[in-house]
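> this one's sequence-less:
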């Protein structure tokens, strides 16, 4: 039977990696919905997009990724790992709200940039957070959850977009975003971060 400390480490890791699942979902969302946006059934009131615009939708998320590595890394170091995770959660929530109300191409671009920001933040902050809250004997296992949840998210995106309509998938993604944002409120701060900020008593309690 797992000890309470080990269970808490698994819980914190899975909770943090909900953001990875959401990012994977946004990747899985892309391919089927590009075809939708290129068709006469597009949900955009501005009309059908061009192939060139579809290419920009696919690639513009990298702008957000680059910004996230700089900004989320700074937040994680100065304010804390938990604060950086909450920033990722807010960004993901905002991205799916944007796509829910998207009426033109600019809003889709915004969705992709915000999603890219969340993805870049996820892959820079979560490995750091997980490595600092986990014991040596399970650190490898907990670290592997990131790639597992990302791929589950991609697969989930493909499946949901195949069987459900554009707006239903968006509502499901928003539900995951809310779950992650609420879960972040209950996550512990990284003991190593607290120790570097000379909060040794609190860091020991967190462990």
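Perfect, I can see it now. Not measured: the values here are computed from a predicted model. Numbering: from 1, shown residues only.

> ok, residue 56 - contacts?
Under the criterion of CB atoms under 8 Å, 6 or more residues apart in numbering, the neighbours of residue 56 are residue 109. Bear in mind the C-beta positions are built from the backbone N, C-alpha and C, glycine included.

> List the residues that contact residue 104.
Residue 104 makes contact with 44-46, according to CB under 8 Å, 6+ apart.

> can you do 6 Å?
Applying CB atoms under 6 Å, 6 or more residues apart in numbering, we find residue 104 in contact with 44, 46.

> mind showing which ranges of this structure have poor pLDDT?
1, 198-207 (pLDDT under 70).

> For it, which segments count as helices?
4-16, 18-37, 51-59, 61-78, 81-100, 105-133, 136-163, 166-185, 191-196, 200-206 (DSSP state H).

> quick one: residue 13 and residue 143 touch, right?
No. Under the criterion of CB atoms under 6 Å, residue 13 is not in contact with residue 143, lying 8.5 Å apart.

> More neighbours: which of the two?
Using other CB atoms under 10 Å, the more surrounded residue of residue 13 and residue 143 is residue 13, with 24 against 15.

> Not counting residues beside it along the chain, what's closest to that one?
Leaving aside its chain neighbours, residue 13 sits nearest to residue 142 (4.5 Å; criterion: CB to CB, 6 or more residues apart in numbering).

> Quick check, that neighbour in contact with residue 134.
Yes. Between residue 142 and residue 134 there is a contact under CB under 6 Å: 4.7 Å.

> So between these two, which is more surrounded?
Shown here are residue 142 and residue 134; by other CB under 10 Å, residue 142 has more neighbours (22 against 19).

> List the contacts of that one.
Residues counted as contacts of residue 142 (CB under 6 Å, 6+ apart) are 13, 130, 134.

> Looking at these, spot the one nearest residue 160.
The closest of those to residue 160 turns out to be residue 13 (CB to CB; 24.1 Å).

> so who does that closest one touch?
With contacts taken as CB under 6 Å, 6+ apart, residue 13 has the following neighbours: 130, 142, 145.

> what about residue 197, neighbour count?
Neighbour count for residue 197, taken as other CB under 10 Å: 13.

> do residue 35 as well
A count of nearby residues for residue 35, using other CB under 10 Å, gives 12.

> could you check the distance from it over to residue 54?
The gap separating residue 35 from residue 54 is 9 Å, by CB to CB, to the nearest Å.

> Could you pull up the residues touching the residue nearest to residue 152 when sequence neighbours are not counted?
Counting by CB to CB, 6+ apart, residue 21 is the residue found nearest to residue 152 once chain neighbours are left out, at 6.0 Å. Contacts were defined as CB under 6 Å, 6+ apart; by that measure residue 21 touches 149, 152-153.
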